[in-house]
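In: Coordinates for the following, if possible.
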Amino acid sequence: MSSQPIELSDAELRERLTPAEYAVLREADTERPWTGELLDEERAGLYTCKACGNELFAAGTKFDSGCGWPSFYESVNPEAVTLLPDLSLGIERTEVRCARCDSHLGHVFPDGVGTPTGDRYCMNSLALNFTADDEA
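Out: Below is the predicted model of the structure:
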């Protein structure tokens, strides 16, 4: 799938997403740690944006960071996500947004110890769909 930007109307997104998914993807909410259905997913496959289907993370880059959210050490390609400064909690963080539909996915931190990149993309399960390789 192309990361070419698209615009989705608020009405279309509210119809497509649950209220909790909408809160994360469009209002930058965060799901509670250890509650996401994709946290313990271990099958080979692909993670995509729940709002638009943009391909975001390969399952092979997922790792157990112990933070309570699905963590990845890199996106499928640099153009899949947009990184923005986030000072909303009074601390400097880097927000991760879908490059295709500009939905909030989570944050990236430079503390992915032992990973090839040193990064930890800390994502909300509510922002992602997962398709196992054997389901594709």
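
In: make it CA atoms for all contacts and neighbour counts henceforth
Out: Will do.

In: Am I right that V24 is in a helix?
Out: Yes - under DSSP: H, G, I helix; E, B strand; the rest coil, V24 sits within a helix.

In: What separation do you get for it and A132?
Out: 23 Å (Cα to Cα, to the nearest Å).

In: Same question for G90.
Out: Per Cα to Cα, G90 is found 38 Å from A132.

In: More neighbours: these two, which one.
Out: A132 (14 against 7; other Cα atoms under 10 Å).

In: Quick check: chain neighbours aside, which residue is closest to S65?
Out: Nearest residue to S65, sequence neighbours excluded (Cα to Cα, 6 or more residues apart in numbering): S71, at 6.3 Å.

In: Ignore what I typed, I meant A28.
Out: Closest residue in space to A28, ignoring its immediate chain neighbours: H104 at 5.4 Å, by Cα to Cα, 6+ apart.

In: May I have the beta-bridge partners of that neighbour?
Out: Beta-bridge partners recorded for H104 (DSSP bridges): R97.
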